[in-house]
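> next comes the sequence, and after it the predicted model I'd like to discuss.
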Amino acid sequence: MVLWNDGMDAKSIAGLASRRTYPLYSSFKPTYNMSVNLLDRFGVEQTMTILESSFAQFQADRSVVSQAAKVRRQEQALAGYEESMTCHLGDYAEYADLKYRLNQLEKKSTRDRRFARRAVAADDLRLLQPGDILEVPHGKHAGHAVVIARPQEARDVQVGVVTEAAQLRRLRPEDFAGAVRPVSRAKMPKGFAPRSAQERRDMASRMFAALREHKPPRSISGAREADFDPARDTRREEIDRLRTAVESHPCHGCSHREEHARWFNRWVRLRRETDALRREIDSRTSTIAHRFQRITDLLTDYGYVEGGGEREELRLTPLAAPLRRIYGERDLLTSLALSDGVFDDLDPGGPGRGRDRRRA
């Protein structure tokens, strides 16, 4: 599409157009000035129809055609999944929801107890002193170890020890199942060099001797007892209720329960993907109309538009009259400045005033 001008050479223009394709893209967006003029002339309903019929909206809608087709295909697949997971004993979707809620609660309860145990272990590690002998319950450092240095604070508290194998290691809260209590105490030699293999072996021997002699541990003040009684878990009542509901559900005794579960998991994954695709489509379609709605909401807040709550009843106020005649990127800002009297103290410009000022 070319605008005609006098002296235009139609053959030259045709030659340019035939050499390559120039895609046409619309940058159209409703402005505040345009919105009030459309409202004044056509009203809300017809204005929405005009905007939704614009070329810019056509481009936005066309860009999601393939996505809309994918949604339709996935909806058909979801219907097939629902049929495949149907259980003759009861509502399998209800049963699966109960199992999911139970699983999430149990995971959260286990995670909270683990964090609580680590917090107690970290507090206890901070109270240890060189010579304290510990019993590590699990992990690659399981067994007895003797503390050789005061605890250090990095990302988490850690304490240096010599293990039964005379190895130098660092213990952290996750190496313990909860409270950390010394089981005995060994005498620390002055000037102990942990890098020396011989001194580490000597330290391990002192640890074994203290354990054989049943030397009592050092008493630790400030240590707190860990309380991990499952019965005191605040979620326990809900977990027990959900477990009972799962076990008493008709689908729990179905011989094809695992097969139903596989189809249900496929349905859940595809449902999430389809819903996400729908949200993306909604965000890209009707964009012009949505922008117009946001503009009218803002104009209502500023008093340019009034109505009875429904957009079909919106009408312009006298305050909108200047905005209808202001054309520019900052039309609303200019109108607000005029209504607030920002420009009242300015003198009107006249011919030659700028030239006289430059001469001065």
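That came in fine, so what should we check first? Numbering: from 1, shown residues only.
> so, low pLDDT: which residues of the stretch 101-250 of the chain?
For the stretch 101-250 of the chain, the stretches with pLDDT under 70 are 154, 221-234.
> correct me if wrong: E199 contacts F192.
Yes. Taking Cβ atoms under 8 Å as the definition, E199 is a contact partner of F192 at 6.1 Å. C-beta: built from backbone N, CA, C; applies to glycine.
> what average pLDDT does the one helix or strand R278 maps to get?
Secondary structure here is read from DSSP states H and E; on that basis R278 sits in helix 257-284. Averaging the model's pLDDT scores along helix 257-284 yields 89.
> buried residues in it?
H260, A261, W263, F264, R266, W267, T274, L277, I281 (16 or more other Cβ atoms under 10 Å).
> quick one: L211 from L134, how far?
11 Å (Cβ to Cβ, to the nearest Å).
> who touches both of these two?
H144, V183 (Cβ atoms under 8 Å, 6 or more residues apart in numbering).
> the more surrounded of those two?
Set L211 next to L134 and count neighbours by other Cβ atoms under 10 Å: L134 wins out with 26 against 17.
> okay, the buried residues of helix 257-284 in JSON lines with distance to G15 next?
As requested, those are exported to JSON lines (distance: Cβ to Cβ, whole Å):
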{"residue": "H260", "distance to G15": "68"}
{"residue": "A261", "distance to G15": "67"}
{"residue": "W263", "distance to G15": "62"}
{"residue": "F264", "distance to G15": "63"}
{"residue": "R266", "distance to G15": "57"}
{"residue": "W267", "distance to G15": "58"}
{"residue": "T274", "distance to G15": "49"}
{"residue": "L277", "distance to G15": "44"}
{"residue": "I281", "distance to G15": "41"}
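> roughly how far apart are the nearest residue to S35 once chain neighbours are set aside and L316?
Among residues not flanking S35 along the chain, I295 sits closest, at 4.8 Å (Cβ to Cβ, 6 or more residues apart in numbering). Distance of I295 to L316, given as Cβ to Cβ: 13 Å.
> neighbour count for the two, which is higher?
The neighbour comparison of I295 against L316 (other Cβ under 10 Å) goes to I295, with 21 against 17.
> from the contact counts, what lies against the one helix or strand the more buried one maps to?
For I295, the host element (DSSP H and E) is helix 287-301. In this structure, helix 287-301 packs against helix 32-52, helix 55-62, strand 305-306, with contacts taken as 3 or more Cβ pairs under 8 Å, 6 or more residues apart in numbering; DSSP states H and E.
> show me which positions of it end up buried.
By neighbour count on 16+ other Cβ under 10 Å, the buried set for helix 287-301 is T287, I288, A289, R291, F292, Q293, I295, T296, L299.
> what helix or strand is A145 located in?
Per DSSP H and E: strand 143-147 holds A145.
> so what touches the helix or strand that that strand is followed by?
With elements assigned by DSSP H and E, the helix or strand that comes after strand 143-147 is strand 152-153. Here strand 152-153 makes contact (Cβ under 8 Å, 6+ apart) with Q158, V159, G160.
> let's see 10 Å
Residues from elsewhere that reach strand 152-153, judged by Cβ atoms under 10 Å, 6 or more residues apart in numbering: A122, L125, R126, Q158, V159, G160, R170.
> that one pairs with which strands?
strand 157-163 (antiparallel) (DSSP bridges).
> helix or strand right after the partner strand?
Counting by DSSP H and E, what follows strand 157-163 is strand 168-171.
> show me what the next helix-or-strand element following that next one is packed up against.
Where DSSP H and E defines the elements, the next helix or strand beyond strand 168-171 is strand 184-185. Judged by 3 or more Cβ pairs under 10 Å, 6 or more residues apart in numbering; DSSP states H and E, the packing partners of strand 184-185 are strand 132-136, strand 143-147, helix 197-212.
> how much space separates V64 from A77?
19 Å.
> before we move on, what about Q67?
15 Å.
> ok, back up a step: tell me the angle the helix holding R278 makes with helix 287-301.
Angle, helix 257-284 to helix 287-301, by axes from the mean of the first three to the mean of the last three Cα atoms, to 10 degrees: 70 degrees.
> elements contacting helix 257-284?
Using 3+ Cβ pairs under 10 Å, 6+ apart: helix 257-284 touches helix 55-62, helix 65-84, helix 92-125.
> what angle do the longest one and strand 132-136 make?
The reference is to helix 92-125. Going by the same axes, to 10 degrees, helix 92-125 makes 160 degrees with strand 132-136.
> which parts of helix 92-125 are buried?
Neighbour-count burial for helix 92-125 [16+ other Cβ under 10 Å]: 92-93, 95-96, 98-99, 102, 105, 109, 117-118, 120-125.
> which strands or helices does that helix pack on?
Using 3+ Cβ pairs under 10 Å, 6+ apart: helix 92-125 touches strand 157-163, helix 236-248, helix 257-284.
> break the chain down into its structural domains.
26-87+262-344, 113-213 (the TED database).
> what residues are up against P217?
With Cβ under 10 Å, 6+ apart, P217 has these contacts: G131, D132, I133, L134, R181, P182, V183, S184, R185, A210.
> need these in CSV (columns: distance to V146).
Listed next are the contacts of P217 as CSV, based on distance: Cβ to Cβ, whole Å:
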residue, distance to V146
G131, 7
D132, 7
I133, 5
L134, 8
R181, 14
P182, 10
V183, 10
S184, 9
R185, 9
A210, 8
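> may I ask which of those has the most neighbours?
L134 (26 neighbours).
> surely it meets E164?
No. Assessed by Cβ atoms under 10 Å, L134 is found out of contact with E164, at 11.3 Å.
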